Structure formats: C-alpha cells, structure tokens
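Q: predicted model follows, preceded by the sequence.
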Amino acid sequence: MKLSKVKTVAVRISVLLIVLLVAWRILVSGLGEHFVRQALLGDEQAVDQALLWNPDHPVALYLKGKALMQDDRDRAEQLLRKAIVLNPGNAAPMEVLAQLLLDKGKLEEADRMISLAVRQMPAHKNIRLNAARYWVERGQLVRAMENWAVALELDPGLGNRIYPALSQIAENQQSLGMFKFLTDAPPPWWDAFFEYLSKHAKKLETVVAVASIRHASPAPLSRTERNLLVERLQQDQQWAEAYLVWINGLDVTERRYLGSVFDGGFELPPANAGFGWHFPEDEAWVIRRKHTYGAEGEKALYINYKGGITPKKQVYQPLLLSKGHYAMSMRIRADRLRIQGGLQWVVRCMGDDARLLGEGALLVGASDWETQQFTFEVPGDKACTGQLLRLEMVGKNGDERIVEGELWFERLSIRKLE
C-alpha cells in the first residue's frame, strides 16, 4: 500500500515537473517572440533580450548577425550560419551572409549563397531586389536584370526604383545586348519601362537602339512602343524619322486615310499620338466624333464649349509638308457660338510655336455648313521641317477666353499649289 502511494506521489511529481518545464519553455518562447517583435519594430536592445531568453531563435540570430556585419564579421557569420541551420526556409539570412562573404572576398561561396536564397524564396520581391544589387556589385548585370525582371512581375510598382537602373544600362552601348532576353519576349511591364526610357534617356540614340533591338525580335513592336518612339523623335525634332516610324505602324484601315491631313473627315477614333489627331481633354469642352445633318461623311468633329474659361490651344495634328505654297480647306458649321474674339485654324512651325505660317477666318456666331479656305507657305529652313495644324482661340484675358456654343468640322484637307 505504501509502495503504491510512493509511486502515485512520484508520478504526480513527474507530471508537475513536466508541466513546469513546458510552462517554462512556453514562457521562454513567448518572451523570445515578444522581444523579436520589438526588434523588428526597431528596438535595437530587444535583439539581445530575445537571445537571452531564447539563444536559438533564428530571427533573433539573423538580426544580431546583420547588426554585427560591420563591427564583428566573424561573429556575424557564425550567427547567420546558425540562423540558416535552424530555419533553412528563410532566405533573408542567406542573402545577408552572401553579402558578408562577398565583403570577405569569398566570391564562390557568396555566389552559391545568394543563388540559394533566390531558390528558397523565388517569389519574394525583396529577395529579388537584394539579389539584383548583389549581382550589380559582382559586375554580372544580366543576372541582376533577371532578378529585376522577376521583381517587377511580382510588383509592377517597383518601376520607380528599377527603371532608372535599367535605363543606365541601356545608355551604355556595350551593355545594350543584355536586353535581348527581355526584348525577345517582352514581359508585362516592358511598355512602362520603355515609356520611362523614352522620356528620361539622355540621348535619342539610346531610345532608338532599344527600339531597334525590339524591332528585330520575334515579337513585333507594340502600338504603345511605336507611339512613344515617335513622340521622342518629335521631341528631338527628327520629323522625317518620326513620320516613317508612325506610318509603318498604321494598319490597313488607317492607311486609307493618309494624306497631307490624316483622316481629315474624322472617320477614325483619335489616336492622340504621332501624326494623327490629338483631342486634348479639358473641363471647358466636350470633343466627340458624331454624325450630323448635312455632313458629307459618316462622322464629323463636334466640339461643345460649356461657357467657361477655355484654353487657347485645342484640337491639333502634326504635319510633315515640304517647302512650298499650300491651300487649306474645310467644311464648318457653327451653332450659337458666343465668344468675344473668335476661334480659328492656324498652321505653325512645329517646335517654334510663335512662328505662324497661315490662319483661317475667325469663327463666331451661327452658320450652316460652309467651306472655308486659307493659304500658307512652308519655308525650306530646317527649323520648320515639321508643322502643326491646330484650332486656336483668339483672346488672352478673362472674358475673351469664355466660349459657349458648338462647332462642327469635316473634310479638312491641304493641297499644294503650283
């Protein structure tokens, strides 16, 4: 009987010790996690507290190793290796260790470690960004670009951080060929990058070179790429080259409307690009293509002015006319158009807005469909290689800029005079 009681007491004591041990481990683990959370929030002292309670906490080991990279590299390496052993699924210690090994000159081991980090967490954008930075430091730009490409697919919002680096690589003629794996099969973010490049590249040649690589690839240039290239060529006043790029991108239907004025009957939706019609958006007006009585075509250009302060520069189209005398003609209808000064079509030199080549009659009041015409001369100097056809308002001050009413246009054309 006494032996049975002794066994019972022994069992209870054992259970109590086990419970106390489990409770202690829970307490230790809980405090360790608590201090790790504090450390992740920026409390530098919390890392040591976490390791005091739990010396084998992999995150605490990683944070401590990262903190010691500058002051005690050997100790940092030891802690990072231990963190990797305890949690081999976390790539963060691996990429930090790779950088540490690189700094120590252990290149092969560092390369293996950064590659392992990417394999462990291939869909983690920060791992990809850090891997790209590592390979840039190693001078292996293609591998850096591969990691940037994946990072951008994971988060297109990273473009503001990555596009400048890619543009810098593109600016170097010797590294242009590195883009081939991207240009052969453009990723979803490519158009956004090309937009950045076309607007920020220091040299036009860089944009043209990248577009040429794309053009030579199995995938044809997208409409977005072509429009951006045309815009940059126009910006750099390469009018003939811009026109050739633009016209080669037109489809069969669009080519039917080619002429000195492209689609002068407004039968096509505006592309707002290249040498086609541009319909600026503004609260002062509504611009549409609509069918109306008396129109000779299926559509006509319709502008409804709402009665507010109206911008001077309105609907426009870039032109590429050779030296000579020209006549501009159009059909116009005005409905209750109230304006102090008036509206008129003008032709100017592209790139030199102040250089007026010709202007049409002032439009005001009301009229049925009528044909109007004006003549102008294009000089032979380089400064006027490209021209601009635009609807403009006459008037500079407050009340003079208030426009209300409707205008209709169709059959805009330009012919050269002998």
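A: Done, it's in.
Q: can you pull out the strands in this structure?
A: Using DSSP state E, the strands found in the chain span residues 285-290, 300-309, 313-319, 324-338, 342-349, 352-359, 365-378, 387-394, 402-417.
Q: would JSON lines of these with mean neighbour count, mean pLDDT and distance to residue 114 be doable?
A: Just so you know, the C-beta spots here come from the backbone N, C-alpha and C atoms, and that holds for glycine as well. Listed next are the strands of the chain as JSON lines, based on neighbours: other Cβ atoms under 10 Å; pLDDT from 0 to 100; distance: least, Cβ to Cβ, whole Å:
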{"stretch": "strand 285-290", "mean neighbour count": "16", "mean pLDDT": "95", "distance to residue 114": "54"}
{"stretch": "strand 300-309", "mean neighbour count": "18", "mean pLDDT": "94", "distance to residue 114": "59"}
{"stretch": "strand 313-319", "mean neighbour count": "20", "mean pLDDT": "96", "distance to residue 114": "49"}
{"stretch": "strand 324-338", "mean neighbour count": "17", "mean pLDDT": "95", "distance to residue 114": "64"}
{"stretch": "strand 342-349", "mean neighbour count": "21", "mean pLDDT": "95", "distance to residue 114": "55"}
{"stretch": "strand 352-359", "mean neighbour count": "14", "mean pLDDT": "87", "distance to residue 114": "53"}
{"stretch": "strand 365-378", "mean neighbour count": "14", "mean pLDDT": "95", "distance to residue 114": "60"}
{"stretch": "strand 387-394", "mean neighbour count": "21", "mean pLDDT": "94", "distance to residue 114": "53"}
{"stretch": "strand 402-417", "mean neighbour count": "19", "mean pLDDT": "95", "distance to residue 114": "61"}
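Q: nearest to residue 113, out of the ones you listed?
A: strand 313-319 (54.8 Å; Cβ to Cβ).
Q: output that closest one as PDB - backbone C-alpha positions only.
A: Provided in PDB are the C-alpha atoms of strand 313-319 (Å, rounded to 0.1, in the frame of the first residue of the first chain):
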ATOM      1  CA  LYS A 313      -4.700  75.600 -77.800                       C
ATOM      2  CA  GLN A 314      -7.200  73.000 -78.800                       C
ATOM      3  CA  VAL A 315      -7.500  70.100 -81.300                       C
ATOM      4  CA  TYR A 316      -4.300  69.600 -83.300                       C
ATOM      5  CA  GLN A 317      -2.400  67.400 -85.700                       C
ATOM      6  CA  PRO A 318       1.400  67.400 -86.500                       C
ATOM      7  CA  LEU A 319       2.200  67.700 -90.300                       C
END
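Q: just want the angle from that strand to strand 387-394.
A: Interaxial angle, strand 313-319 versus strand 387-394 (axes from the mean of the first three to the mean of the last three Cα atoms, to 10 degrees): 170 degrees.
Q: what's next to strand 313-319, contact-wise?
A: Applying Cβ atoms under 8 Å, 6 or more residues apart in numbering, the external contacts of strand 313-319 come out as 234, 239, 260-262, 274-280, 285, 287, 301, 303, 343, 347, 350, 386-393, 414.
Q: let me see the contact set for residue 270.
A: 276-279, 289.
Q: quick one: which of those residues has the most company?
A: residue 277 (25 neighbours; other Cβ atoms under 10 Å).
Q: could you pull out the helices for the stretch 151-300 of the chain?
A: 159-171, 180-183, 190-200, 204-215, 223-235, 239-248, 252-255 (DSSP state H, counting those that start in this stretch).
Q: neighbouring contacts of the first one?
A: With contact meaning Cβ under 8 Å, 6+ apart, helix 159-171 is reached by 129, 132, 136, 141, 145, 148, 151-152, 175-176, 178-179, 189, 192-193, 196-197, 200-203, 206, 209-210.
Q: filter those residues down to the buried ones.
A: 129, 132, 136, 141, 145, 148, 151-152, 176, 178-179, 189, 193, 196-197, 201, 206, 209-210 (16 or more other Cβ atoms under 10 Å).
Q: wait, residue 221 sits on residue 248?
A: No. Taking contacts as Cβ atoms under 8 Å, residue 221 lies outside contact range of residue 248: 9.1 Å.
Q: show me how far stretch 102-122 is from its chain's centre.
A: Distance of stretch 102-122 from its chain centroid, counting by Cα atoms, centre = their mean, to the nearest Å, is 31 Å.
Q: nope, stretch 307-317 is what I meant
A: For stretch 307-317, the distance to the chain centre is 28 Å (Cα atoms, centre = their mean).
Q: contact partners for residue 146?
A: With Cβ under 8 Å, 6+ apart, residue 146 has these contacts: residue 181.
Q: mind redoing it with 6 Å?
A: Counting by Cβ atoms under 6 Å, 6 or more residues apart in numbering, residue 146 makes contact with nothing.
Q: next one: residue 154
A: Contacts of residue 154 (Cβ under 6 Å, 6+ apart): residue 125.
Q: please give me every residue in contact with residue 300.
A: 292, 408, 410.
Q: gap between it and residue 412?
A: 10 Å (Cβ to Cβ, to the nearest Å).
Q: do residue 286 as well
A: Relative to residue 412, and taking Cβ to Cβ, residue 286 is found at 20 Å.
Q: also residue 384?
A: Relative to residue 412, and taking Cβ to Cβ, residue 384 is found at 20 Å.
Q: could you do residue 313 as well?
A: With Cβ to Cβ as the criterion, residue 313 and residue 412 are 17 Å apart.
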